[in-house]
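Visitor: pasting a predicted model and its sequence here:
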Amino acid sequence: MRGQQAAPAPRPAFLAPLRAFFSAPVPSSGDPCDITMPGYQTQIHELTFGQLTYVIRALADKQQYADPDESAADAGISSAQWSLFGQVWPAGQLLAEAMATRPIEGRRILELGCGLGLASLVLRRRGADVVASDHHPLAEVFLAYNAALNALESVPYRRLDWDTGAPNMGQFDMIIASDVLYETRHATMLAKLIPALAKPSCEIVISDPGRGNANALSRMLADIGFSLIAGDRQASVQVAKAPRLFVYRRNMDNWWPAGG
């Protein structure tokens, strides 16, 4: 008599949207911008960073919304905010372009609020030790898909809620982010989060489109020992008001460990 087969182990919940995403059919129209996913539409962008072209799948527009299991609502993401992670923003492009030439050898790098993860993909192609993070439930799915589109190894990802801190993530030599300062409270949250994530010699690189909260962040980072060493507006991104790239480095004469 044959032995009874063990029941297969349950699949992790996050695999369901990932399987649906990867199995999406090519549209019959042949238009790569007309790709319908469960509950939302996507489009393909071809973007160039560091003279290399990246194929990026993003949400079709800011009107997209789908939260059938209420995972976004549980994360505090409203219907108005839901689509923001999935857009190609000028500040995100600027950060990705900066990461095409930034020194990376021997550096552990963290992208905060990665969204589509353009900068992380550029770093991954360069062979960097990079971790992407966000709190949107679909950020990991889009990041994995776009890595595959560009024949890249998957980018390590951590779901990170700035309110609850960053347990067991370790520390990083460089922390990067783009367009994450929608409100002053975001600057406050970021300044509270960074000390636990930053190595003593950490560099912070943030691209910002000018939402009015960058100066507040600079003051808060100065209070924890980071000096602004660059903050020029960048003309490489062709928009009416180009974003700025802010670079901060630790002032070792005015630094104390997190919790010290």
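Guide: Arrived safely, thanks for sending. Numbers count the residues shown, from 1 in each chain.
Visitor: hey, which helix or strand in the chain has the poorest pLDDT?
Guide: Least confident helix or strand, the chain: helix 15-22 with a mean of 46, by mean pLDDT, DSSP states H and E.
Visitor: does Gly115 touch Ala139 like I think?
Guide: Yes: between Gly115 and Ala139 there is a contact under Cβ atoms under 8 Å: 6.4 Å. (Each C-beta comes from the backbone N, C-alpha and C, glycine too.)
Visitor: what sits in contact with each of these two?
Guide: Phe85 (Cβ atoms under 8 Å, 6 or more residues apart in numbering).
Visitor: higher neighbour count, the two?
Guide: Shown here are Gly115 and Ala139; by other Cβ atoms under 10 Å, Gly115 has more neighbours (27 against 22).
Visitor: residues in contact with the closest residue to the more buried one other than its chain neighbours?
Guide: Nearest residue to Gly115, sequence neighbours excluded (Cβ to Cβ, 6 or more residues apart in numbering): Phe85, at 4.5 Å. Phe85 makes contact with 115-116, 134, 136, 138-139, 142, according to Cβ under 8 Å, 6+ apart.
Visitor: redo that, cut-off 7 Å
Guide: 115, 134, 136, 138-139 (Cβ atoms under 7 Å, 6 or more residues apart in numbering).
Visitor: looks to me like it is in a helix.
Guide: Yes: counting by DSSP: H, G, I helix; E, B strand; the rest coil, Phe85 is located in a helix.
Visitor: and the helices in the chain?
Guide: 15-22, 71-74, 90-99, 118-125, 139-149, 184-197, 214-223 (DSSP state H).
Visitor: what stretches of the stretch 101-250 of the chain score poorly on pLDDT?
Guide: Low-confidence segments of the stretch 101-250 of the chain, defined by pLDDT under 70: 232-241.
Visitor: ranges for the strands of it?
Guide: Using DSSP state E, counting those that start in this stretch, the strands of the stretch 101-250 of the chain run over residues 108-112, 129-134, 157-159, 172-178, 198-208, 226-230, 244-250.
Visitor: packing partners for the first one?
Guide: It refers to strand 108-112. helix 118-125, strand 129-134, strand 172-178 (3 or more Cβ pairs under 7 Å, 6 or more residues apart in numbering; DSSP states H and E).
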